[in-house]
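Student: Provide a 3D model corresponding to the input given below.
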Amino acid sequence: MDLLHQHAAFEGGHTVKIRIGGLRLPSQHIVGLVAVCAENAAAETAFIVTLPTCKKVWARRHGREDLEEFDIFQLDGATVHGNGNVELIDGTRLRAVEVVPTLLPYNVTDLDWCILHHTIAMMKAEQECYTYPIPSAQTSALDCSKLPALRAKIPPRKEILRYIAKQEPALKRPSRQKIDDTLHKFGML
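Tutor: Residues are numbered from 1 along each chain as shown. Got it, this is the predicted structure:
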C-alpha cells in the first residue's frame, strides 16, 4: 500500500485493481500470480506492484473481527481503495488483506533427482523424458514438461524403493512418503 501511495496511485483518475493470473506448477497445482494495477486511462499510464505467488489470502470482512481464508482467485478484478480496503467484484468488502505466499518447488534435493532419474529408468521412459536418449548427470537434459504424461504408468512405491536400493546400495533408503513427495513435486502423481 505504501508503494502505491508514494506514486499517487489513489489520486486523480487512477483505478486500482487486483489482477490474478494462474500458473500451473509441475505438481498440477494452480497458484495465483498477483498484481495490483493502478491505471489512469486519461493519462495512459499504469503502475503495477506484484505480490508473492499464492493460493490464498487472509482477510477480515467489513464490520467483522475474525480472519477468514479466501482463495486468491476471488480477488481477481477487485478494487483497492486508498485506505487499504478491497472490494471484490461481488461487492464483498475486505480489510486487513494478507497474502499467504506459496512455496514453489525451487529446492530440488539430490535425493529428489535420484528418485526421479531412477523412477524414469525403471519405467524405461528415458526416450520420453530426456532431450537426449542417453541420460547424463546433468539435470538440464531432463524435460520436466514430459513427466506428468507418465502419471498413469507409475509403478508401486515398494517396487521403486527396491529398484533404487538395487541401483544405489550405499544410499539410505528413502521412505514411501519421500517417493510420493518427489513424484508429486514433478507432477507425476
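Student: Next, name the residue at the spatial heart of the protein.
Tutor: In the chain, the residue lying closest to the centroid (CA atoms, centre = their mean) is V31, at 4.3 Å.
Student: residues contacting that one?
Tutor: Counting by CB atoms under 8 Å, 6 or more residues apart in numbering, V31 touches G22, L23, L25, T53, C54, K55, I72, T102, L104. C-beta: built from backbone N, CA, C; applies to glycine.
Student: which secondary element of this protein has the worst mean pLDDT?
Tutor: Least confident helix or strand of the chain, by mean pLDDT, DSSP states H and E, is helix 2-6 with a mean of 53.
Student: buried sites along the lengthiest strand in the chain?
Tutor: The single longest strand within the chain, with elements called by DSSP state E, is strand 45-61. Residues of strand 45-61 classed as buried: F47, V49, L51, T53, C54, K55, K56, V57, A59, R60 (neighbour count, 16 or more other CB atoms under 10 Å).
Student: Could you list the alpha-carbon positions for that strand in PDB?
Tutor: Extracted in PDB, the C-alpha atoms of strand 45-61 (Å, rounded to 0.1, in the frame of the first residue of the first chain):
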ATOM      1  CA  THR A  45      -0.300   5.400 -17.500                       C
ATOM      2  CA  ALA A  46      -0.200   2.300 -15.400                       C
ATOM      3  CA  PHE A  47       1.700   1.500 -12.200                       C
ATOM      4  CA  ILE A  48       1.900  -2.200 -11.200                       C
ATOM      5  CA  VAL A  49       3.000  -3.800  -7.900                       C
ATOM      6  CA  THR A  50       3.500  -7.500  -7.900                       C
ATOM      7  CA  LEU A  51       2.900  -9.600  -4.800                       C
ATOM      8  CA  PRO A  52       4.100 -13.000  -3.800                       C
ATOM      9  CA  THR A  53       2.700 -16.000  -5.700                       C
ATOM     10  CA  CYS A  54      -0.100 -17.500  -3.600                       C
ATOM     11  CA  LYS A  55      -3.100 -19.700  -3.400                       C
ATOM     12  CA  LYS A  56      -4.900 -17.900  -0.600                       C
ATOM     13  CA  VAL A  57      -5.200 -14.700   1.400                       C
ATOM     14  CA  TRP A  58      -6.300 -14.000   5.000                       C
ATOM     15  CA  ALA A  59      -8.700 -11.000   5.400                       C
ATOM     16  CA  ARG A  60     -11.500  -9.600   7.600                       C
ATOM     17  CA  ARG A  61     -14.900  -8.800   6.100                       C
END
